[in-house]
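Participant: Structure for this input, please:
(one chain, ligands or ions: 1)
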Amino acid sequence: MALLGTPAATASAIAPAVSAYVLNSSFTITDTPATRSFDWVVAAQTGTPDGYNRTLITINNQMPGPLIEANEGDTIIVTVRNSLVNQTMSIHWHGIYQNGSAWMDGVPGVTQATLQCPIQPGQTFTYEFQVNQYGTYWYHSHSAVQYTDGLLGPLIIHSVDDPLVRGTDFEEERVLFFQDWYHDEASTIVNKLLSVDGYEGSAAAPSPQSGLINGVGVYNCSAVTDGTACTMMSYPELNITPNVKTRFRIINGGSHAQFYFSVDNHTLDVVEADSTAISGPSAVHRVPFHNGQRYSVILDASVGSEGDAYWLRAKMNTNCFATIDDTLNSTVFAIVRYGASSGSDPTTSDWTDVLPDDCTDLDDSVLIPAVESDPPSTAAGIAIFDSVFGTITYNGVSFNRFLINETTYTNYIYQPFLNQVNAGNSTLNNSNVAWATLNDGVYGADIVINNLDPGLDHPYHLHGQDFWIVARGDGQLTYDAAQTLSYNLSNPIHRDTLVIPARRVSYAVLRINNDNPGVWVLHCHIAWHLAEGFLGVVVSNPSAIGSMTIPTAVTDLCSERPAGVSIYETEPGRRRRDVVGLVKGSHARRGLRTEQKRHPL
Ligand SMILES: [Cu+2]
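Facilitator: Just a heads-up that it's a prediction; the model follows:
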């Protein structure tokens, strides 16, 4: 991926103030479907989100991008113009099922289009899909590691069926969008990361320099030694009203860090996990949320009175970092103030609960769906994905990569899988991607994930559907063992992103309906791990995919591959454009255990 280049305009990107994502109580929640249209221009601009001046990506001059708000049943139409000079792009709608519109999932090389995937510089493309679900979602680029540079934003879907009701469960509502933030462009980092030498000498996911809440962070400018312009930023402020409950919809749009959300002196009631309304847990001090995950928490605003101020914190769990940047302040701060601003900073203290030494989810058993929903009682289909950090050998040189079922993902962005399956070829190339087919007519299927990295936690995200978490355990779950395992089928949590932790080799079993035809990716949402090949594919209902009629508007978008660009173009990076002799699998894995130390990545 090329660098973003020199922005044409020198104006700073306009990062939204924290108030920009306050949901308007006048938004009408209805079951009468509407069409909601948006026009976006995606561009490179300079900005100072945490004070440090750099080139980043904006949508309509914002970073993060505009809030999309809709009702269940609405059709969302987003016309995107790619005004980046050097980079193709895409938008994925994280958590949206795309049932009946699989080609709008926005993953180049998988589902973006049928012929040539990404949106070229200067091109315009219109995403259009109906949303038959509700909750807290977000959108982001799925091209290379582009979202790390700022191509992302929140997506909220309301519903008359949502058990969480404004005016009953809470009075005010805000989106709090978190990112970890890097001073190098993502393409700079990833190009080095994928090289033999790595980024700063390592293949490990790098440390960010700071973190952002709604596009604002505070970096210590005195730490800048390279002459880059830097402005000391002010802490963002959220004004609340005594005794008025606020729902915070917190989104981890980051690329590496798991955050722990808290507000000093205020306990939190957790009422939504990803997009699933839940009852409990209540009165918690901190809520951990990893890349791609969302929670809603309700703040009991009876603690303070007019004029009081408290720190809101999102602490990165740096125990899961291989390295920590010397200049990183790993806590993102904002001020929660009762009433109007007075200018003074809070003097409150953090909860004393220490962060765990690994990155885990809130316990599944306390995330109880408020609308009871049992998974299919049996799983006729099963897909097993074993993920592990290892090495591949190319032309006699070894590179660190992630492997799923002994294959590191190679993304041929001009050869999308959906097109291949749509054309009747449901056998994908094992050398390029780990894949599994869940056949038509099979209602109820399990996806088994074995995290074989005892030192590495990963937030796994599945496209195309929620999954019920029906089992977790230690060790590696085999096909045979899965047959006799006891599963939790009584209203288990269902969501779209889960962390499989790093204490030891462990597994999770995700049950899906398997009723949404498409080629759906399963990947680690640590952007750096994804770039290192951490992606597998589920081909769901291949016969139905073969019968799909993909709109010509989609195929037309990509009818011209730029001159000089090979059909074998890959991203991120071009090293493996013509891969031959890739040595994968057990050869690479044998030496791994001894190389691995705790949290090497
Ligand atoms: Cu990972």
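Participant: Could you list the contact residues of this protein toward the ion?
Facilitator: 458, 524, 526, 529 (CB under 5 Å from the ion). Just so you know, the C-beta spots here come from the backbone N, C-alpha and C atoms, and that holds for glycine as well.
Participant: Check the burial of the first one by counting its neighbours.
Facilitator: What that stands for is His458. 27 (other CB atoms under 10 Å).
Participant: Tell me if I'm right that it and Ile526 touch.
Facilitator: Yes - between His458 and Ile526 there is a contact under CB atoms under 8 Å: 6.5 Å.
Participant: shared neighbours of these two, anything?
Facilitator: Phe534 (CB atoms under 8 Å, 6 or more residues apart in numbering).
Participant: ok so, going back, the residues of the chain next to the ion into JSON lines, with extra columns for secondary structure?
Facilitator: Output for the residues of the chain next to the ion, formatted as JSON lines (DSSP: H, G, I helix; E, B strand; the rest coil):
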{"residue": "His458", "secondary structure": "strand"}
{"residue": "Cys524", "secondary structure": "strand"}
{"residue": "Ile526", "secondary structure": "coil"}
{"residue": "His529", "secondary structure": "helix"}
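Participant: with those residues in mind, which one is nearest to Leu498?
Facilitator: His458 (9.4 Å; CB to CB).
Participant: dump the residue contacts of the closest one.
Facilitator: Contacts for His458 were tallied using CB under 8 Å, 6+ apart; they are 387, 451, 499-500, 524, 526, 529, 534.
Participant: show me where the stretch 401-550 of the chain has strands.
Facilitator: Here the stretch 401-550 of the chain has its strands, by DSSP state E, counting those that start in this stretch, at 411-412, 434-438, 445-451, 458-462, 467-474, 494-495, 497-500, 506-512, 518-524, 535-540.
Participant: Now render those as JSON lines, adding mean pLDDT.
Facilitator: Formatted as JSON lines, the strands of the stretch 401-550 of the chain follow (pLDDT from 0 to 100):
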{"stretch": "strand 411-412", "mean pLDDT": "82"}
{"stretch": "strand 434-438", "mean pLDDT": "94"}
{"stretch": "strand 445-451", "mean pLDDT": "97"}
{"stretch": "strand 458-462", "mean pLDDT": "98"}
{"stretch": "strand 467-474", "mean pLDDT": "97"}
{"stretch": "strand 494-495", "mean pLDDT": "98"}
{"stretch": "strand 497-500", "mean pLDDT": "97"}
{"stretch": "strand 506-512", "mean pLDDT": "97"}
{"stretch": "strand 518-524", "mean pLDDT": "95"}
{"stretch": "strand 535-540", "mean pLDDT": "95"}
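Participant: pLDDT on the longest helix along the chain, on average?
Facilitator: In the chain, assigned by DSSP state H, the helix with the most residues is helix 186-193. Averaged across helix 186-193, the pLDDT comes to 94.
Participant: just checking, what packs against that helix?
Facilitator: Counting contacts by 3 or more CB pairs under 8 Å, 6 or more residues apart in numbering; DSSP states H and E, helix 186-193 is packed against helix 527-531.
Participant: hang on, Phe129 in a strand?
Facilitator: Yes - assessed by three-state DSSP, Phe129 belongs to a strand.
Participant: Might you report the residue contacts of it?
Facilitator: Phe129 touches 75-76, 93, 96, 98, 101, 104, counting by CB under 8 Å, 6+ apart.
Participant: if we go to 7 Å?
Facilitator: 76, 96, 98, 101, 104 (CB atoms under 7 Å, 6 or more residues apart in numbering).
Participant: Which ones among those lie within strands?
Facilitator: Per DSSP state E, strands hold the following members of the contacts of Phe129: Ile76.
Participant: ok, so what distance separates the residue nearest to the spatial centre of the chain from Glu172?
Facilitator: By CA atoms, centre = their mean, the chain has its centre lying nearest to Gly292, at 3.0 Å. Look at Gly292 and Glu172: by CB to CB, to the nearest Å, they are 26 Å apart.
Participant: thinking Phe27 is in contact with Ile68, fair?
Facilitator: No - using CB atoms under 7 Å, Phe27 is not in contact with Ile68, being 11.7 Å away.
Participant: If you count surrounding residues, which of the two has more?
Facilitator: Ile68 (19 against 14).
Participant: Name whatever forms a beta bridge with the more buried one.
Facilitator: Beta-bridge pairing of Ile68 under DSSP bridges involves Leu155.
Participant: helix or strand for whatever residue of the stretch 201-350 of the chain ends up closest to the ion, which one?
Facilitator: Going by CB to the ion, the ion is nearest to Ala205 of the stretch 201-350 of the chain, at 7.4 Å. Assigned by DSSP states H and E, Ala205 falls within no helix or strand.
Participant: pLDDT at it, what is it?
Facilitator: 96.
Participant: OK, contacts around Asp308?
Facilitator: Shown in contact with Asp308 (CB under 7 Å, 6+ apart): Tyr338.
Participant: can we see that at 10 Å?
Facilitator: 240, 242, 265, 336-339, 342, 346, 348 (CB atoms under 10 Å, 6 or more residues apart in numbering).
Participant: So, low pLDDT: which residues of this protein?
Facilitator: Along the chain, the model assigns pLDDT under 70 to residues 1, 8-18, 111-117, 553-561, 573-601.
Participant: what sits in contact with each of Phe27 and Ile68?
Facilitator: Both Phe27 and Ile68 are contacted by Ile156, under the criterion CB under 10 Å, 6+ apart.
Participant: picking up where we left off before, kindly reformat the strands of the stretch 401-550 of the chain as JSON lines and extend each row with distance to Ser398.
Facilitator: Below are the strands of the stretch 401-550 of the chain laid out as JSON lines (distance: least, CB to CB, whole Å):
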{"stretch": "strand 411-412", "distance to Ser398": "21"}
{"stretch": "strand 434-438", "distance to Ser398": "20"}
{"stretch": "strand 445-451", "distance to Ser398": "23"}
{"stretch": "strand 458-462", "distance to Ser398": "22"}
{"stretch": "strand 467-474", "distance to Ser398": "30"}
{"stretch": "strand 494-495", "distance to Ser398": "36"}
{"stretch": "strand 497-500", "distance to Ser398": "26"}
{"stretch": "strand 506-512", "distance to Ser398": "27"}
{"stretch": "strand 518-524", "distance to Ser398": "21"}
{"stretch": "strand 535-540", "distance to Ser398": "21"}
